[in-house]
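*Asks:* Got a predicted structure here, sequence first:
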There are 2 protein chains.
Amino acid sequence: MLQESGGEGLNIGIVGGGAVGLLLAAYLGRRHGVTVYTRRPSQARQLAEHGVALKKDGETSVVAVRAQPFAGAELDEPLVFVTVKQYDLASVCAQIDAFRRVRTLVFLQNGMGHLEQLTMFADKNVLVGVVEHGAMKLDDRTVAHTGAGKLTLASRYGSLGDARELREGERGFPIEWADDWERILVDKLVVNAVINPLTALLQVKNGALLETAPYRDMMRQLFDEVRNVLPLEDANRAWERVVRICQKTADNYSSMYMDLANGRRTEIDAILGYVLKQGEARGAMLPVVRFVFCAVKGKEGRETDG
Amino acid sequence: MLQESGGEGLNIGIVGGGAVGLLLAAYLGRRHGVTVYTRRPSQARQLAEHGVALKKDGETSVVAVRAQPFAGAELDEPLVFVTVKQYDLASVCAQIDAFRRVRTLVFLQNGMGHLEQLTMFADKNVLVGVVEHGAMKLDDRTVAHTGAGKLTLASRYGSLGDARELREGERGFPIEWADDWERILVDKLVVNAVINPLTALLQVKNGALLETAPYRDMMRQLFDEVRNVLPLEDANRAWERVVRICQKTADNYSSMYMDLANGRRTEIDAILGYVLKQGEARGAMLPVVRFVFCAVKGKEGRETDG
């Protein structure tokens, strides 16, 4: 029934049919047999019938994938990417039996609050990853690849396992391998903690944080609190990275800006919520972090309520 | 040439033809001889020719006033109200000779940063006042009285002088007399420091600060820093006042919100800028105040630059 992938291809499961899940499916599906596990049966039907469509540079390519609802599924792929947002991870983990036959799991959530949850998979190979691509879900089976970046992976438990077979990734979708899982997550978290909430609060593109001197001040104030409670090796280097990414994405609206603009839930809990918890654990006062956290929470409540 | 006011009427000068200046002119001009001193000659011509128009509850009344440009004027009214914004006060004070014949001066600026400037008038009767009216300037000679309130006056130097003659004010424009000039300014400043910048930053009506729980948190965080550096007798009472005014004006947009929305300069320097200076003088860290100050400064720069 299920088409087996031949040759060098792996069987890969992808849990979550959001922008990241569809992007992965479109690129990895070229050489591997991909099954997408969605929340809504209707999305699984769409994907199974028509494949996943990737829009890039004005061109659309379609890749055939298998798909089924995650609820009730028993994943039989040796390698599975979990791409749901952090706030949906608990409901995925609650269905832990679904992963019984999986050997290698890759978690692509933002933030670091989900790391505790991963201990329940510590008997498998567990990797964490950071996605640095611009991607926008256009409909249930279509994703636009708006910014070329990379996927960085590192091992959290066990070895790289089946993920090793992915090697350098695909054309247009490179994979980098890192030794230090904490480093890649912290580096991403710092960037997310500064650029995302500020652009969402001020309702500006990323570049405005650098162009407008008082906004740059705010960015520094927020960074100075964040860095105090995260295990950063080199704060100057981290600050320079934030500035560089802000420059490189100057014309983009951050995902948190877009989430608020579209009345969606944001990842503020996974990002500044996690930073606040680190502050509490260390007894560090984080007045600016708390203030910005409340601002985004308030905006979120007002947008999603009505 | 100039029409003398008769009977109980005083001659009153009003420096500044903004919303507050026109509101004063419209009410005080009923019984007193009022001269409005404007920055632009064209506004003075309009006022002198057509009078000042007051719109209230759907009705318009017109009161005849005298008017002339402030530049080069020699004020010969015994009682003069200075109604310009705090950021324009320096240019008014630079023309100190204009006030040689004035006996009693009333300053109606927001904030407290201008108090030092008033020492140069300490040989006269100097009063400070707090305007709690909703007023909107519709054109050069028309003001809408959108919220009935009161004018509170207190003596800073000398006696109440000629201001005493105003007694309880006019119908629709009551005057209250206070003993403690610092108290009335601080009370107003606390309210302005919390409600104005937050509504401007979050782009919401005053009431949203209470309705949305995380916004109320932000209001409290900002208040807790502000109160630390202002001479407040009773912080609980002050907080209750902020909440009460927020409730009473729930459906209003704050003046700072409106200033930003209309690309005008805000009074952020006079308000949070003053609070920050008090913090520096006392060595108090005010991270949230500084953050909000930068946010409004940044928005102001982006709006007024184009």
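*Replies:* Structure received. Residues are numbered from 1 along each chain as shown, chains lettered A, B, ... in the order given.
*Asks:* what's around the residue of the stretch 1-150 of chain A found nearest chain B, how many residues?
*Replies:* The nearest approach of the stretch 1-150 of chain A to chain B comes at A:Tyr87, 16.8 Å away (Cβ to the nearest Cβ). Bear in mind the C-beta positions are built from the backbone N, C-alpha and C, glycine included. Each residue near A:Tyr87 was counted by other Cβ atoms under 10 Å in any protein chain shown, and the total is 18.
*Asks:* Likewise for the one 3 residues further on?
*Replies:* As a burial measure, A:Ala90 scores 11 neighbours (other Cβ under 10 Å).
*Asks:* Would you check that it makes contact with A:Met120?
*Replies:* No: assessed by Cβ atoms under 8 Å, A:Ala90 is found out of contact with A:Met120, at 11.1 Å.
*Asks:* Buried ones in the helix or strand containing the residue of the stretch 1-150 of chain A closest to chain B, by neighbour count?
*Replies:* Secondary structure assigned from DSSP states H and E places A:Tyr87 in helix A:86-93. Neighbour-count burial for helix A:86-93 flags A:86-89, A:92-93 (criterion: 16 or more other Cβ atoms under 10 Å in any protein chain shown).
*Asks:* Determine the three-state secondary structure at A:Ile14.
*Replies:* Counting by DSSP: H, G, I helix; E, B strand; the rest coil, the backbone at A:Ile14 sits in strand.
*Asks:* Now do stretch A:214-231: everything it contacts.
*Replies:* A:182, A:186, A:189-190, A:193-195, A:197-198, A:202, A:204, A:208-210, A:235, A:238-239, A:242, A:246, A:275, A:278-279, A:282, A:284, A:286-289, A:292, B:287, B:290-291, B:293-295, B:297-298, B:301 (Cβ atoms under 8 Å, 6 or more residues apart in numbering or on different chains).
*Asks:* what comes up buried for it?
*Replies:* Within stretch A:214-231, the residues that count as buried by 16+ other Cβ under 10 Å are A:214-219, A:221-223, A:225-230.
*Asks:* how about the helices of the stretch 201-306 of chain A, start to end?
*Replies:* In the stretch 201-306 of chain A, the segments counted as helices under DSSP state H, counting those that start in this stretch are A:208-211, A:213-229, A:235-248, A:255-261, A:268, A:274-282, A:287-305.
*Asks:* From the chain's centroid, how far away is stretch A:262-274?
*Replies:* Taking Cα atoms, centre = their mean, to the nearest Å, the mean C-alpha location of stretch A:262-274 is offset from the chain mean by 12 Å.
*Asks:* got it, and stretch A:134-152?
*Replies:* The answer for stretch A:134-152 is 11 Å, by Cα atoms, centre = their mean.
*Asks:* Mind checking the pLDDT average for it?
*Replies:* Averaged across stretch A:134-152, pLDDT comes to 94.
*Asks:* The residue of the stretch 1-150 of chain A closest to chain B and A:Ile268 touch, don't they?
*Replies:* No: contact criterion Cβ under 8 Å: A:Tyr87 and A:Ile268 do not qualify, at 9.7 Å.
*Asks:* Find residues that contact each of those two.
*Replies:* Counting by Cβ under 8 Å, 6+ apart, no residue touches both A:Tyr87 and A:Ile268.
*Asks:* how long is stretch A:135-150 end to end?
*Replies:* Start-to-end span of stretch A:135-150 (Cα to Cα, to the nearest Å) is 12 Å.
*Asks:* neighbouring contacts of it?
*Replies:* A:17-20, A:22-23, A:26, A:40, A:42-43, A:46-47, A:50-56, A:60, A:131-134, A:169, A:172, A:174-176, A:249, A:252.
*Asks:* one step back: now do the same contact list for the residue of the stretch 1-150 of chain A closest to chain B.
*Replies:* Taking Cβ under 8 Å, 6+ apart as the criterion, A:Tyr87 is in contact with A:265, A:267, A:269-270.
*Asks:* Most neighbours among those, which one?
*Replies:* Counting neighbours by other Cβ under 10 Å, A:Glu267 comes out on top of the contacts of A:Tyr87 with 24 neighbours.
*Asks:* What is the burial count for the residue lying closest to that residue once chain neighbours are set aside?
*Replies:* Using Cβ to Cβ, 6 or more residues apart in numbering or on different chains and skipping the chain neighbours, the partner closest in space to A:Glu267 is A:Asn110 (5.3 Å). Number of residues near A:Asn110 (other Cβ under 10 Å) recorded here: 23.
*Asks:* what's near enough to touch A:Val34?
*Replies:* Neighbour list for A:Val34: A:12-14, A:24-25, A:28, A:63, A:65-66 [criterion: Cβ under 8 Å, 6+ apart].
*Asks:* same thing but at 10 Å, please
*Replies:* If a contact means Cβ atoms under 10 Å, 6 or more residues apart in numbering or on different chains, then A:Val34 has A:5, A:9-14, A:21, A:24-28, A:47, A:52, A:63-67, A:77, A:81 as its contacts.
*Asks:* And the one residue in the stretch 51-200 of chain A that gets nearest to chain B, how far from A:Gly134?
*Replies:* Residue of the stretch 51-200 of chain A nearest chain B, by Cβ to the nearest Cβ: A:Leu198 (9.2 Å). Distance from A:Leu198 to A:Gly134, counting by Cβ to Cβ, to the nearest Å: 18 Å.
*Asks:* between those two, which one's more packed in?
*Replies:* Under the neighbour definition other Cβ under 10 Å, A:Leu198 and A:Gly134 were set side by side, and A:Leu198 has more, 27 against 16.
*Asks:* where in chain A is pLDDT low?
*Replies:* Across chain A, the ranges flagged by pLDDT under 70 are A:1-8, A:304-306.
*Asks:* Just the strands from it, written as ranges.
*Replies:* With strands called from DSSP state E, chain A shows them at A:11-15, A:33-38, A:52-56, A:59-63, A:66-69, A:79-82, A:104-107, A:125-139, A:142-157, A:169-170, A:173-178.
*Asks:* Please state the offset of stretch A:227-244 from the chain centre?
*Replies:* The chain centre lies 20 Å from the centre of stretch A:227-244; the measure is Cα atoms, centre = their mean.
*Asks:* Show me what counts as buried in it.
*Replies:* The neighbour-count check on stretch A:227-244 (16+ other Cβ under 10 Å) flags A:227-230, A:232, A:238-239, A:242-243 as buried.
*Asks:* Pull the contacting residues for the residue of the stretch 51-200 of chain A closest to chain B.
*Replies:* With contact taken as Cβ under 10 Å, 6+ apart, A:Leu198 is in contact with A:204, A:206, A:208-209, A:215, A:218-219, A:221-223, A:246, A:254, A:256-257, A:292, A:295-296, B:295.
*Asks:* ok, now A:Lys124?
*Replies:* Counting by Cβ under 10 Å, 6+ apart, A:Lys124 touches A:80, A:99-100, A:102-105, A:118, A:157-158, A:161.
*Asks:* Reformat those as a markdown table; add neighbour count.
*Replies:* Listed next are these as a markdown table, based on neighbours: other Cβ atoms under 10 Å in any protein chain shown:
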| residue | neighbour count |
| --- | --- |
| A:Val80 | 26 |
| A:Phe99 | 22 |
| A:Arg100 | 10 |
| A:Val102 | 21 |
| A:Arg103 | 15 |
| A:Thr104 | 25 |
| A:Leu105 | 26 |
| A:Leu118 | 20 |
| A:Tyr157 | 17 |
| A:Gly158 | 16 |
| A:Gly161 | 20 |
